[in-house]
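Trainee: Have a look at this fold, sequence not included:
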């Protein structure tokens, strides 16, 4: 598990430290600094997968190996991108917010090397927002035409992505039909469940539906 926290018990201090915690022993494996620019925790995304602990925020990102040495793997967002979010447990996926695209990448557990990249054009010819619904398998939610009430309408499409980085299936959700729980703040969709090839969604109200 990875957490970002204050450097001391002083309530006025800022969150300038990132720690990796061994959940088996409950002990801190290592502690590393994070930039002052993210010290307030605004729009901060932290994730630990097999081999990598990463943090992303508007303007940058940093990642370390989860080994006791805690070697730094990278310390900036991809070139041309304003920041990254990180998701996953067995595998680490990053979603980078770039000038003209949303860039989804799968990274190797030990080195953080990019295995593949799936890009979605951003803006008029593509989605205006992207969320990670699931990482096993990888399912993305996107919205191309947000309505007046963005939080209620949510995404209008789901994309199932293969382990090789291709699109396996696309599901059209329409506008405002489902309670997906997608929020801009954490990049996830708590109202959608993916299990054994089936995506479960809740419609507005009490009706429930499942799509394969």
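Mentor: Here it is on my side, so go on. Note that the coordinates shown come from a computational prediction; the quantities given were computed from them, not determined experimentally. Numbering: from 1, shown residues only.

Trainee: Show me where the protein has its helices.
Mentor: Listed in chain order, the helices of the chain (DSSP state H) span 150-153.

Trainee: any low-confidence regions in it?
Mentor: Counting by pLDDT under 70, the ranges of the chain that qualify are 36-42, 123-125, 145-153, 183-187, 205-212.

Trainee: Let me see the contact set for residue 31.
Mentor: With contacts defined as C-beta atoms under 8 Å, 6 or more residues apart in numbering, residue 31 is in contact with 17-19. C-betas here are computed from N, CA, C, even on glycine.

Trainee: run the last query once more with 6 Å
Mentor: 17, 19 (C-beta atoms under 6 Å, 6 or more residues apart in numbering).

Trainee: ok, now how distant is residue 6 from residue 12?
Mentor: 9 Å (C-beta to C-beta, to the nearest Å).

Trainee: So for these two, which sits in the more crowded spot?
Mentor: Higher neighbour count among residue 6 and residue 12: residue 6, with 15 against 6, using other C-beta atoms under 10 Å.

Trainee: For the more buried one, which non-adjacent residue is closest in space?
Mentor: residue 13 (4.6 Å; C-beta to C-beta, 6 or more residues apart in numbering).

Trainee: tally of neighbours for that neighbour?
Mentor: Residues within reach of residue 13, counting by other C-beta under 10 Å, total 13.

Trainee: cool, and residue 24?
Mentor: 6.

Trainee: distance of it from residue 16?
Mentor: 27 Å.

Trainee: Please apply the same query to residue 88.
Mentor: Applying C-beta to C-beta to residue 88 and residue 16 gives a distance of 25 Å.

Trainee: Residue 118 touches residue 104, doesn't it?
Mentor: Yes - with contact defined as C-beta atoms under 6 Å, residue 118 counts as touching residue 104 (4.5 Å).

Trainee: Many thanks, we can stop here.
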